[in-house]
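In: Please find the sequence and the predicted model below.
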Amino acid sequence: MDRREAVLRELNLYPQWKLRGGSGAATGQPAAPSLCEPVAPVQAVASAPEAAVEPEITTGSEQRREQIISELGWPALKTMVRDCTACQLRAGCTQTVFGVGDEQADWLFVGEGPGADEDAQGEPFVGQAGKLLDNMLLAIQLKRGKKVYIANIVKCRPPNDRTPERDEIATCLPYLQRKVELIKPKLIVALGKTAANALLGKDAALGSLRGKLHDFNGIPLLITYHPAYLLHSPMEKAKVWQDLCFATEVMRKL
Ligand code: SF4
């Protein structure tokens with residue numbers, strides 16, 4: 001079994017994906033899976049009603065803080081995040097988790113927030129969810145740190161891994177916005193409902209957001225499931241594969 005086959009098996013995708021333009025009959029071997037050749041084409045899913053979220057009201061000092069963040073370079077941004085106590089999440093975490101990867105990445109993957117492993121190690125997407133994300137990247141011939149940057153919506157672990165509150169997201173989001181300005185990725189992939197809605201300013205079901213091209217501050221944005229969700233719902237991995245194929249098609253055209 002080669003590495004790609006191993007990855008596709010890990011994602012529950014082997015052997016249901018067919019070789020592009022061939023059946024394998026010439027070799028007498030079963031068709032090997034080809035990247036991004038789904039049995040069913042990627043389709044935009046029907047939209048459910050999407051609730052717009054009222055923007056958080058910002059005070060003068062918050063606007064000043066956002067202005068300061070918007071002018072920071074990498075070193076100052078990292079220092080400010082490291083020392084940040086702007087929301088209540090900082091009191092319960094071990095350390096802030098800034099993000100990791102290529103600072104000139106084409107791909108930016110954005111998750112929700114650090115979990116226990118990330119909180120301990122100071123790096124996003126480590127542990128089982130991180131291993132699955134690495135395999136998702138490998139399946140589309142990407143690698144953590146190489147043209148790929150990985151970040152979260154909030155930089156501090158929420159207590160008991162609860163979903164971050166709206167005000168916590170609003171307080172932390174300027175860091176990610178600045179990061180996007182500095183990286184200038186070609187494509188952003190939001191992992192999970194919380195990340196998607198935070199970037200879109202919506203409160204929509206994830207299923208209504210998949211399969212569509214969105215926009216975050218002028219950069220194409222796609223939505224898929226969070227790897228942690230896939231650990232509990234492995235049958236959804238095929239949908240993630242569809243989303244990743246959609247993402248590679250979009251990237252190819254950029
Ligand atoms: Fe600061 Fe973000 Fe941590 Fe809140 S979650 S303390 S805004 S770094």
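Out: Yep, that arrived. Since we're looking at a predicted model, the values are computed, not measured.
In: from here on, contacts and neighbour counts on C-alpha atoms
Out: OK.
In: shaky segments in the protein?
Out: Along the chain, the parts satisfying pLDDT under 70 run over 1-57.
In: Get me the contact residues on it for the ligand.
Out: By C-alpha under 6 Å from any ligand atom, the part of the chain that sits against the ligand consists of 81, 84-87, 89-90, 96, 154-156, 168, 171-172.
In: Turn the residues you listed into TSV, columns for neighbour count and secondary structure.
Out: As requested, those are exported to TSV (neighbours: other C-alpha atoms under 10 Å; DSSP: H, G, I helix; E, B strand; the rest coil):
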residue	neighbour count	secondary structure
Val81	19	helix
Cys84	15	coil
Thr85	13	coil
Ala86	14	coil
Cys87	14	coil
Leu89	18	helix
Arg90	18	helix
Thr96	25	coil
Val154	27	coil
Lys155	32	coil
Cys156	32	coil
Glu168	19	helix
Thr171	18	helix
Cys172	20	helix
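In: does Pro75 count as helix, strand or coil?
Out: Counting by DSSP: H, G, I helix; E, B strand; the rest coil, the backbone at Pro75 sits in helix.
In: Next: Arg157.
Out: Recorded secondary structure, Arg157: coil (three-state DSSP).
In: Can you classify the nearest residue to it once chain neighbours are set aside as helix, strand or coil?
Out: Counting by C-alpha to C-alpha, 6 or more residues apart in numbering, Pro114 is the residue found nearest to Arg157 once chain neighbours are left out, at 4.7 Å. Using three-state DSSP, the structure places Pro114 in coil.
In: from memory Pro114 sits against Pro159, does it?
Out: No. Counting by C-alpha atoms under 8 Å, Pro114 does not reach Pro159; the two are 10.4 Å apart.
In: any idea how far Lys212 is from the ligand?
Out: According to C-alpha to the nearest ligand atom, to the nearest Å, Lys212 and the ligand sit 28 Å apart.
In: In three-state terms, label that residue for me.
Out: Here Lys212 takes the coil state, with states given by three-state DSSP.
In: re earlier: could you check which of Pro114 and Pro159 has the larger neighbour count?
Out: Pro114 (30 against 16; other C-alpha atoms under 10 Å).
In: Now that one, what are its backbone angles?
Out: For Pro114, the backbone dihedrals (degrees, to the nearest 10) come out as phi -70, psi 150.
In: which residues sit in contact with it?
Out: Counting by C-alpha atoms under 8 Å, 6 or more residues apart in numbering, Pro114 touches 97, 124-125, 152, 154-158.
In: Check the gap between it and Leu209 for me.
Out: Going from Pro114 to Leu209 by C-alpha to C-alpha, to the nearest Å gives 23 Å.
In: Quick check, Cys87 in contact with Glu168.
Out: Yes. Cys87 is within contact range of Glu168, at 6.0 Å (criterion: C-alpha under 8 Å).
In: The closest residue in space to Asn152 that isn't next to it in sequence and the ligand, how far apart?
Out: Residue nearest to Asn152 in three dimensions, not counting chain neighbours: Gly111, with 4.5 Å by C-alpha to C-alpha, 6+ apart. Distance of Gly111 to the ligand, given as C-alpha to the nearest ligand atom: 13 Å.
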